[in-house]
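J.: Prediction below, plus the sequence it came from.
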Amino acid sequence: MVVPSPTPSLRTKKTRAVGIPIIDLSLERSVLSQKIVQACEEYGFFKVVNHGVPREIISSMEKEGSDFFAKRSSEKQRAGPPSPFGYGCKNIGFNGDKGELEYLLLQTDPASISERSKAISNNPSKFSCVVNDYIQAVRDLSCEILDLIAEGLWVPDNSVFSKLIRDAHNDSCFRLNYYPPLKHFRELELSPKLNADTRMGFGEHTDPQILTILRSNDVGGLQICLDDGLWVPVLPDPNVFCVFVGDALKAMTNGRFVSASHRVLVTNTIKPRMSTIYFGAPPLDAYISPIPELVSPQKPSLYKHFTWSEFKKTFYSLRLGDCRLDLFKTLMCSDKTSSC
Ligand SMILES: O=C(O)CCC(=O)C(=O)O
Ligand SMILES: [Fe+2]
């Protein structure tokens, strides 16, 4: 979901040393589940180490991604226009999140990946194998984290969240983002519109799905916005995964979790940033409403019942300039609350 920002500033308003949570997944389960819940409540964001995703799976994915973005533009275009799946460049989407990047957006089911790989790679079977292995690994990681979240919330059914993205009809997607370095724009003589040493790579937004698992190369740029409006840089580390709470999980926890607003600023002059992102989403007809354990007379549901499809349709059809936050509230928040 795009956060309205009438006069977006590229400047990090202020930064302060905050301890973005780094969670070690090898910790004892009951400790781990509490740490994860706390991070979801305070930040809607954390990094994980000792995540168990094999190094080879990660490095093969990074290689395939780099090879793809290194191709000539005409070759990349063969992956098809991003409507919604395929290759896109420069301003992304029409949903208000401005930015200058190239990206490849894919569905996560093996049949679609295999089909699209034919237009993406000269070695489609290798490409689809690498992407499938990566997606399977990060989906397993997401499910593990979602099960721990359920445990940490003392929900009897541990799979209450993870079963949505394990469902055969899940609507998850996978994206590779590529941010050319500033040198690229200088060479094109596109004199930076906004700022000489910073460009907006990906505008401020929250992710609408349930959970996002992001990994990047060693080039920074990602920032998260804390609730007091401070932008905090997320230092790049190719060995960790970044986890974001999505708007759907925020709603399912009846607003107990926050969904972190984030953006990417391009400041590196020489090296491109590349990130690989798995967005775990439920089936289109799944209802996204607060789980019963988190609703009580003292804490009534903040949200109307809506399906993932209704949510997506409304938000992705909004055009820039709409007052998106008001629409968000109208669509999602129950009449009893003015905001959620
Ligand atoms: O590319 C990145 O590092 C972040 C991109 C992002 O937030 C997104 O694709 O939703
Ligand atoms: Fe995002």
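T.: Arrived safely. Numbers count the residues shown, from 1 in each chain. Ligands and ions are numbered 1, 2, ... in the order given.
J.: show me the contacts for Lys271.
T.: Applying CB atoms under 8 Å, 6 or more residues apart in numbering, we find Lys271 in contact with 181, 219. For glycine as for every other residue, the C-beta is placed from the backbone atoms N, C-alpha and C.
J.: Against ligand 1, how distant is it?
T.: 14 Å (CB to the nearest ligand atom, to the nearest Å).
J.: can you tell me how far that residue sits from Tyr179?
T.: To Tyr179, Lys271 is 10 Å away according to CB to CB, to the nearest Å.
J.: Kindly indicate whether the closest residue to Leu284 other than its chain neighbours is helix, strand or coil.
T.: In this structure, Leu284 finds its nearest non-sequential neighbour in Ser309, 3.9 Å apart by CB to CB, 6 or more residues apart in numbering. Secondary structure, DSSP: H, G, I helix; E, B strand; the rest coil: Ser309 is helix.
J.: Look at the closest residue to ligand 1 within the stretch 201-340 of the chain and report its pLDDT.
T.: Of all residues in the stretch 201-340 of the chain, Ser275 sits closest to ligand 1, at 3.6 Å by CB to the nearest ligand atom. In this model, Ser275 is scored at 98, pLDDT.
J.: OK, contacts around it?
T.: By CB under 8 Å, 6+ apart, Ser275 lies in contact with 176-177, 214-217, 222, 264.
J.: To which secondary structure element is Ile36 assigned?
T.: In this assignment (DSSP states H and E), Ile36 forms part of helix 29-42.
J.: Any idea which of the contacts of Ser275 the model trusts least?
T.: Among the contacts of Ser275, Val264 has the weakest pLDDT, 91.
J.: how close does that one get to Pro124?
T.: On the measure of CB to CB, Val264 and Pro124 end up 29 Å apart.
J.: Over to His169?
T.: In terms of CB to CB, His169 sits 25 Å off from Pro124.
J.: can you check Tyr178 too?
T.: 20 Å.
J.: Tell me which of those two has more neighbours.
T.: Higher neighbour count among Tyr178 and Pro124: Tyr178, with 21 against 16, using other CB atoms under 10 Å.
J.: That one is in contact with Glu100, isn't it?
T.: No: using CB atoms under 8 Å, Tyr178 makes no contact with Glu100, being 10.5 Å away.
J.: Once you drop chain neighbours, what's closest to Glu293?
T.: Val155 (5.1 Å).
J.: In this structure that neighbour contacts Pro292, no?
T.: No: using CB under 8 Å, Val155 makes no contact with Pro292, being 9.2 Å away.
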